[in-house]
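**Student:** Next input, structure requested:
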Amino acid sequence: NDDDIQNSFDKQEELLRLPCFIHTLQLVVKDGLNESECIRSPLSKVAEIAKLSHKSITIAEKLQNEKFSIPDAIVTRWNSQFLTVSKVVDIPNTLLNDLLNEQKETELLLSTKDLAVLREFISIFTLFAEATTRTQAEQSISISL
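**Tutor:** Next up, the predicted model:
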């Protein structure tokens with residue numbers, strides 16, 4: 001009967017176990033991004049622009065002079081991508097495209113369609129970013145939010 005009691009506790013423990021909310025949120029958003037074909041090219045361009053802004057002293061200095069910076073896009077974390085996209089979209093498109101043209105990186109130019117898709121990405125994922133930020137707070141117990 002000890003085995004029956006232990007099995008009963010094991011089953012109850014499985015029912016009570018809550019997966020980490022933030023990890024689940026990361027997976028849901030990542031799956032959604034993987035399913036959306038229209039966002040792949042713009043996100044790829046943004047990631048390359050971010051890399052270029054850290055490799056090219058010219059671009060880094062010009063962005064800094066205009067009070068802009070682009071964080072690295074960590075592809076495994078959508079909220080890092082969100083922050084990078086937000087920073088890139090904040091840069092006036094004419095400035096960004098001028099910098100890319102100067103560097104002969106014309107394949108990274110953001111079209112009107114790219115910008116529309118990226119702005120939609122920002123508007124949708126702002127809520128997910130807020131939820132992520134709130135649940136990652138050190139002093140909060142995520143189940144209580």
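
**Student:** so where's the longest helix in this protein?
**Tutor:** When the chain is parsed with DSSP state H, its longest helix is helix 112-135.

**Student:** which helices and strands sit right next to it?
**Tutor:** Using 3 or more CB pairs under 8 Å, 6 or more residues apart in numbering; DSSP states H and E as the contact criterion, the secondary-structure elements in contact with helix 112-135 are helix 21-35, helix 40-55, helix 78-90. Placement of C-beta: from N, CA and C, glycine included.

**Student:** which residues of this protein score low on pLDDT?
**Tutor:** The model of the chain has pLDDT under 70 over residues 1-2, 4-19, 75-76, 136-145.

**Student:** what about 90?
**Tutor:** For the chain, the stretches with pLDDT under 90 are 1-37, 72-82, 124-125, 127-145.

**Student:** Relative to Leu108, how far out is Ser44?
**Tutor:** According to CB to CB, to the nearest Å, Ser44 stands 9 Å off from Leu108.
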